[in-house]
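Engineer: build me a model from this:
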Amino acid sequence: GIGLERAPLSQLTSIIIRDYLEQRRVSNRSKRNYKAALSALLKTQMEEYCYPDPFKGIRIPREAEKMHKPFKEVGVVLEQIKRFDRRLHLCCLLTYGCLLRPHREIRLLRWSDINLELGTITLSGEANKSKRNRVIGVPPYVSEALLNFRLKYDLGSSCVYVFQNGDKPYNKDFFKLLWRKFRLSTTLEPGCTLYSFRHSGAIAVYQKTGSIVKLQTAMGHSDMRVSLTYLRGIKVRTLQIHDMPDLG
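Structural biologist: Reported below is the predicted structural model:
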């Protein structure tokens, strides 16, 4: 049959587009992105010539969300990672202790974002998923790890990114591949991922504060429902005794 590359607009059908998308060896999310890009590219021309929209008949199922299983003993796992690779160890500490996302927020973290005297990390809206400015508290053990990391790797004032390859940050798959190598070198429970440190950190924050609102702020979520998904598997206490009505 006619492929997408050779099909004139007048003969473009849902079947041709679906075949093209199925040939892409990518995730369903990427296929939806391909579909959206093609639709935006061709929409104006197809409307101008009154051709039927072939994209309406294409449904790409959403992939099931991956459940990141929290760690039972975070400290033990972190010690294993520290012996394996200090870069991965610092990444996991920042994911757990500061609730940062590893593949973007941590990978692109700059030394200028960090103020260890105040104990804060400040991310602009461009640097985090929520698109809002975000100020994160830095626990002492994370501050110490950051200082030790800079000293160990002799990172001078010219170093812009915390995790840096020359004058550029590491590529987007760097921590994912490093984590995969670590998994092969150890025995972790199924479902434990790099993001499990963020889930474990979220549970620790909620257990210390009992506040969904504080957790939402710490996580940088715009919707509280997203924060609640991090607490699956534990009993969420929404009301305490002093929250109940008083008499008189």
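
Engineer: going by C-alpha atoms from here, please, whenever you check contacts or count neighbours.
Structural biologist: Fine.

Engineer: ok, the nearest residue to residue 135 once chain neighbours are set aside - how many residues close by?
Structural biologist: Closest residue to residue 135 apart from its sequence neighbours, by CA to CA, 6 or more residues apart in numbering: residue 122 at 4.5 Å. Residues lying near residue 122 (other CA atoms under 10 Å) number 17.

Engineer: what residues are up against residue 122?
Structural biologist: Counting by CA atoms under 8 Å, 6 or more residues apart in numbering, residue 122 makes contact with 113, 114, 133, 134, 135, 136.

Engineer: who does the helix or strand hosting it pair up with?
Structural biologist: Element membership for residue 122, per DSSP states H and E: strand 120-123. Applying DSSP bridges, strand 120-123 is found paired with strand 114-115 (antiparallel), strand 134-137 (antiparallel).

Engineer: distance of the residue nearest to the spatial centre of the chain from residue 220?
Structural biologist: Centroid check for the chain by CA atoms, centre = their mean gives residue 101 as the closest residue, at 4.5 Å. For residue 101, the distance to residue 220 (CA to CA, to the nearest Å) stands at 10 Å.

Engineer: direction included, what does the helix or strand bottoming out on mean pLDDT in the chain pair against?
Structural biologist: None of the helices or strands of the chain scores lower by mean pLDDT, DSSP states H and E than strand 164-165, at a mean of 80. When sheet partners are counted by DSSP bridges, strand 164-165 sits next to strand 168-169 (antiparallel).

Engineer: contacts for the strand it pairs with?
Structural biologist: Under CA under 8 Å, 6+ apart, the answer for strand 168-169 is 107, 108, 161, 163.

Engineer: so for the first one, what's the pLDDT?
Structural biologist: You'll see residue 107 listed with a pLDDT of 94.

Engineer: ok, it to residue 100 distance?
Structural biologist: For residue 107, the distance to residue 100 - CA to CA - is 10 Å.

Engineer: quick one: which of these two has more around it?
Structural biologist: residue 100 (27 against 22).

Engineer: thinking the more buried one is in contact with residue 90, fair?
Structural biologist: No: the pair residue 100 / residue 90 is not scored as a contact, 11.6 Å apart, by CA atoms under 8 Å.

Engineer: okay, the contacts of strand 168-169 in JSON lines with distance to residue 6 and secondary structure next?
Structural biologist: Listed next are the contacts of strand 168-169 as JSON lines, based on distance: CA to CA, whole Å; DSSP: H, G, I helix; E, B strand; the rest coil:
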{"residue": "107", "distance to residue 6": "41", "secondary structure": "coil"}
{"residue": "108", "distance to residue 6": "41", "secondary structure": "coil"}
{"residue": "161", "distance to residue 6": "45", "secondary structure": "strand"}
{"residue": "163", "distance to residue 6": "45", "secondary structure": "coil"}
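
Engineer: got a ChimeraX select line for the buried ones in those?
Structural biologist: The ChimeraX command for the buried members of the contacts of strand 168-169 (criterion: 16 or more other CA atoms under 10 Å) is given here:
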select :107,108,161,163
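
Engineer: could you dump the contacts of strand 168-169 to JSON lines with distance to residue 77?
Structural biologist: Below are the contacts of strand 168-169 laid out as JSON lines (distance: CA to CA, whole Å):
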{"residue": "107", "distance to residue 77": "21"}
{"residue": "108", "distance to residue 77": "24"}
{"residue": "161", "distance to residue 77": "26"}
{"residue": "163", "distance to residue 77": "21"}
